[in-house]
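*Asks:* Pasted the sequence and its predicted model underneath.
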Amino acid sequence: MARKKNIRKRGRRAKRGFASWAVWKKALAIAGGTVVLLTTAGVAFAASKLGKLETTTLDASKLNISTEVEHNETGYLNVALFGLDTREGMPEEGERSDTIIIASLNRENKEVRLCSVFRDTLLQQDDGSYNKANAAYSFGGPEEAIAMLNKNLDMDIQHYVTVNFNALVDVVDELGGIELDLTPEEVFWTNGYCTETSRVTGKTTTELTQPGKQILDGVQATSYCRIRYTTGDDFKRAERQRTVLEQIVKKAQTADLSTINRIIDKVFPKIETNFSLTEILAYAKDAFAYNLTEMSGFPFDNSTASLSGVGSSVIPETLQSNVLQLHEFFFGNDGYSPSSTVASISTEIGGYAMNTISDEEAATYEPQEGYYYGGTTQDSGSTDNTESTGGTGGGAAPENTVPESGGNGSDTGVTGEQPESGAAGGGTSDQGSGTEQ
């Protein structure tokens, strides 16, 4: 009897063991299935979000990547960032890039460096002519703009991201604002630009009342980015743009998931890029591991001049030496030497820069500056300035008061800073472009 009892007990234990294993197999199967479902759902979710982006493709054979230069394709990712002053309902065709920034991501040490290309920099265009750097986007969109950068700077840029300033307003607002340190002069002009920025974006704001460190909302931060009438002219504006971008990156890296989700929903429809879904997902997993380390502006050594057919321009003090500095800034001392193309362009820019014009002649290429103060507005075709009733009302400045531009502070055919899109801009737009330069 005892033996039979033991047999029955061993049998029951064996049965429980089998049942236990079966349970674990089921649990593992369920867990595995859940992981698959979650992964699939995650990719589907990401795809649905990324589907909001306007994606394009570029012809790599037209990007002017030099074969003379040894590019480190695996170690770095170089991206062109273009900012357009496009209003809602306005086409981007013919729009000059108000902001040009090259971002270089070091994949090994997860460092990011940013360098603005001053929009008035005299560079060679696709057809061999010379014009401001921002003209390339109006001539042939992002593909031609990237090709211009690669050709003149010996870069290997194959990706880009384009946004308009409406997107910038949304990002800053969703992040709860960003902290900036403003001078009295910057407070004055930020309030001025807020009027038009507010009206164009449909966002309200308040007037800044004092200088110093403070939290700026989207309209205020965007208006701050647009200032070019302070000491430093457009060079200082490019610096402000990089500063705002830096603050956005810092704030975004500490934002919660719901905030990021809201930003994606609002901003992605206003972004154009040629990054594929696969590439975005691959880079996104390391997004918060990257650190923004250094920022600068190109050309490093420069002068300004009013040139025939172009207007006020930034002239590199030899393109070759500036491109050498650019490569060292991004990639360190890696043995780079300028290509024959850069050497040739450098010589031609030196000759072209000799063809300066008088201030009177330059006025035919430059806009009437009275249009730019954000506290005034015009009806299309009108020549009388009247006070704006929209936005903040930010009229801290005297009516119709705009400092005289100096150096490269002037632009050709600007609409980006006119109160009304298409308003009489004063002066003549070069190359037939009525957009901001």
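*Replies:* Noted; the coordinates are in hand. Here the structure is a predicted model, which is why all the values come from computation and not from measurement. Residues are numbered from 1 along each chain as shown.

*Asks:* Would you report the backbone torsion angles of residue 136?
*Replies:* Dihedral angles of residue 136 (phi, psi; degrees, to the nearest 10) stand at phi -60, psi -40.

*Asks:* Same question for residue 300.
*Replies:* Dihedral angles (degrees, to the nearest 10) for residue 300: phi -70, psi -40.

*Asks:* Chain neighbours aside, what residue packs nearest to it?
*Replies:* residue 325 (5.0 Å; C-beta to C-beta, 6 or more residues apart in numbering). Quick note: C-beta positions are derived from backbone N, CA and C, even for glycine.

*Asks:* for residue 54, same thing?
*Replies:* Nearest one to residue 54, counting by C-beta to C-beta, 6+ apart, is residue 272 at 4.4 Å.

*Asks:* The one you found: how many residues sit nearby?
*Replies:* 18 (other C-beta atoms under 10 Å).

*Asks:* same question, residue 61
*Replies:* With other C-beta under 10 Å as criterion, residue 61 counts 7.

*Asks:* Checking it next. Helix, strand or coil?
*Replies:* State at residue 61, reduced to three classes by DSSP: H, G, I helix; E, B strand; the rest coil: helix.

*Asks:* Was I right to think the residue nearest to residue 54 contacts residue 141?
*Replies:* No - taking C-beta atoms under 8 Å as the definition, residue 272 is not a contact partner of residue 141, at 9.3 Å.

*Asks:* which regions of this protein lie under the pLDDT threshold?
*Replies:* For the chain, applying pLDDT under 70 flags the ranges 1-49, 73, 86-94, 358-437.

*Asks:* how about a cut-off of 80?
*Replies:* For the chain, the stretches with pLDDT under 80 are 1-52, 72-74, 85-96, 165, 230-234, 281, 283-288, 355-437.

*Asks:* those helices in it, which residues are they?
*Replies:* Here the chain has its helices, by DSSP state H, at 2-50, 135-153, 165-174, 184-201, 218-226, 233-252, 257-267, 277-284, 319-331, 340-352, 359-362.

*Asks:* winner for burial among those?
*Replies:* With neighbours taken as mean count of other C-beta atoms under 10 Å, the helices of the chain reach their highest mean count in helix 218-226, at a mean of 28.

*Asks:* other SSEs contacting that helix?
*Replies:* For helix 218-226, the packing partners by 3 or more C-beta pairs under 8 Å, 6 or more residues apart in numbering; DSSP states H and E come out as helix 165-174, strand 178-182, helix 184-201, helix 233-252.

*Asks:* Export these to a markdown table and append columns for distance to residue 211.
*Replies:* A markdown table is the format used below for the helices and strands packed on helix 218-226 (distance: least, C-beta to C-beta, whole Å):
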| stretch | distance to residue 211 |
| --- | --- |
| helix 165-174 | 19 |
| strand 178-182 | 5 |
| helix 184-201 | 5 |
| helix 233-252 | 14 |
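
*Asks:* who wins for proximity to residue 217 among the ones you listed?
*Replies:* Among the helices and strands packed on helix 218-226, the nearest to residue 217 by C-beta to C-beta is helix 165-174 (5.9 Å).

*Asks:* which residues are contacting the closest one?
*Replies:* 83-85, 88, 98, 178, 197, 200-201, 203, 216-219, 221-222, 225-226, 244, 248, 252, 259, 262-263, 266-267, 270-271 (C-beta atoms under 8 Å, 6 or more residues apart in numbering).

*Asks:* Number of residues surrounding residue 227?
*Replies:* There are 23 residues near residue 227, going by other C-beta under 10 Å.

*Asks:* Kindly report the same for residue 119.
*Replies:* Neighbour tally, residue 119, other C-beta under 10 Å: 24.

*Asks:* What values do phi and psi take at it?
*Replies:* Dihedral angles (degrees, to the nearest 10) for residue 119: phi -60, psi -20.

*Asks:* shouldn't it be in contact with residue 100?
*Replies:* Yes - using C-beta under 8 Å, residue 119 makes contact with residue 100 at a distance of 5.9 Å.

*Asks:* which neighbours do these two share?
*Replies:* Common contacts of residue 119 and residue 100, defined by C-beta under 8 Å, 6+ apart, comprise 133-134.

*Asks:* coming back round to it: I'd like to know how far the residue nearest to residue 300 sits from residue 317.
*Replies:* Per C-beta to C-beta, to the nearest Å, residue 325 is found 11 Å from residue 317.

*Asks:* Please consider this matter closed, and thank you.
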